[in-house]
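Chemist: give me coordinates for this.
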Amino acid sequence: MHLLTRTVRLAVNTRDSSVGTNGFAGNPPLSGFGRWYEIEVTCRGRIDPKTGYLIDIKTVDSAVRDHAFPLLQNAVRVESSPERAVASMFEALASILPASLQTLRLKPSPYYDLAMVAGDQTHVLVRQRFDFSAAHRLHSPALSDEENRRLYGKCNNPRGHGHNYVVQPVVKLRIDAAPSFSLHDLESITDQHVIKPFDHKHLNEDTPEFRVDQGGVLPSVENIARICFERLRPAIAAHSARPELVSVTVWETDRTSATYPAM
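Modeler: Residues are numbered from 1 along each chain as shown. Coordinates of the predicted model:
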């Protein structure tokens, strides 16, 4: 079995725009103050031994522009919920694509997306990214000073060092939940329970979760992801829409990240 993912970029403009030629940047192209989107389609199946394809990407492009785009366009203009728009597009594409639709992901911005996964057409997964800056030091009391220096290297600097951390919660939402759990709700909860407590802090010294000398844990990226999850999960679950926090990913740099719990 293979998974094949194709990203289609397009714009919903204030007025209907003509078809363009730059599929890389978006087709239809952005006009004036329109809204630019990415629709990411992942199909699952076996490749055709004759063509080497799971599915022809031109077929995906046509299906998205002919069947999903009009639904997105209408949802934007009547201000329907993004969750319902994703559900309607998933249903439309699943019925016409010649390969099994595994995931449909709508990206209204580089930092915010909504996805529906095959097997659960009652929920949508919402992801949003946040950032905070903090200092930390990697120094384990279970190791000698020499062992700490050998294991952690520059990260064992006694004065600590800093990172611009990026945090991405993934929340599962019911499409028909009323009242809905909005992006504003997620941003408010994350700001209160993660950003404000950790931003511009020395994690080892200013936050109880990472005060190793007082029973806290070492502020590795793995532990930071777990602590963020544990801080966010009850606050998100308390919302009347009954959302579920699925996971939290934390990037320490653009090359190093940790996700908790593993998906």
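
Chemist: in a helix, that's where M89 is, yeah?
Modeler: Yes. The assignment for M89 by DSSP: H, G, I helix; E, B strand; the rest coil puts it in a helix.

Chemist: please name the residues that touch the closest residue to it other than its chain neighbours.
Modeler: What sits nearest to M89 in space, not counting adjacent residues and going by C-beta to C-beta, 6 or more residues apart in numbering, is A68, at 4.2 Å. Using the backbone N, CA and C atoms, a C-beta is placed for each residue, glycine as well. A68 makes contacts with I39, M89, A92, L93, L104, as judged by C-beta atoms under 8 Å, 6 or more residues apart in numbering.

Chemist: now do I39
Modeler: With contact taken as C-beta under 8 Å, 6+ apart, I39 is in contact with 7-10, 64, 68-69, 72, 89, 104-107.

Chemist: which is the next helix or strand following the helix or strand containing it?
Modeler: Assigned by DSSP states H and E, I39 belongs to strand 35-45. The element immediately downstream of strand 35-45 (helix or strand, assigned by DSSP H and E) is helix 57-63.

Chemist: could you dump that following helix to PDB, C-alpha only?
Modeler: Presented in PDB, the C-alpha positions along helix 57-63 are these (Å, rounded to 0.1, in the frame of the first residue of the first chain):
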ATOM      1  CA  ILE A  57      -2.200  13.900 -10.000                       C
ATOM      2  CA  LYS A  58      -4.000  15.600 -12.900                       C
ATOM      3  CA  THR A  59      -7.100  13.700 -11.800                       C
ATOM      4  CA  VAL A  60      -6.700  15.000  -8.300                       C
ATOM      5  CA  ASP A  61      -6.200  18.600  -9.500                       C
ATOM      6  CA  SER A  62      -9.300  18.400 -11.700                       C
ATOM      7  CA  ALA A  63     -11.400  16.800  -8.900                       C
END
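
Chemist: quick thing: my sequence starts at 700, can you match it?
Modeler: Let's use 700 as the start, then, which means that last one is helix 756-762.

Chemist: thinking again about what came up before, compare the contacts of I738 and tell me which is most surrounded.
Modeler: The most crowded member of the contacts of I738, judged by other C-beta atoms under 10 Å, is L709 (27 neighbours).

Chemist: list the contacts of that residue.
Modeler: G725, N726, P727, W735, Y736, I738, V763, R764, F768.

Chemist: repeat for G725
Modeler: R708, L709, A710, G719, W735.

Chemist: got the contact list for L796?
Modeler: Counting by C-beta under 8 Å, 6+ apart, L796 touches V740, C742, I754, T758, V759, A762.

Chemist: what ranges do the strands span in the stretch 700-849 of the chain?
Modeler: Using DSSP state E, counting those that start in this stretch, the strands of the stretch 700-849 of the chain run over 701-711, 734-744, 799-808, 811-816, 819-827, 829-835.

Chemist: so which of those is nearest I874?
Modeler: strand 819-827 (6.1 Å; C-beta to C-beta).

Chemist: mind checking the pLDDT average for the strand holding I738?
Modeler: For strand 734-744, mean pLDDT is 97.

Chemist: can you list the strands that it pairs with?
Modeler: The strands beside strand 734-744 in its sheet (DSSP bridges) come out as strand 701-711 (antiparallel), strand 799-808 (antiparallel).

Chemist: run the chain-centre distance for the shortest one.
Modeler: The one in question is strand 799-808. Taking the mean of its C-alpha atoms, strand 799-808 sits 11 Å from the chain's own mean (C-alpha atoms, centre = their mean, to the nearest Å).

Chemist: next, the angle strand 819-827 makes with it.
Modeler: Angle, strand 799-808 to strand 819-827, by axes from the mean of the first three to the mean of the last three C-alpha atoms, to 10 degrees: 30 degrees.

Chemist: show residues contacting strand 799-808.
Modeler: 702, 734, 736-744, 767, 771, 781, 784-785, 788-789, 792-793, 812-817.

Chemist: thank you kindly, that will do.
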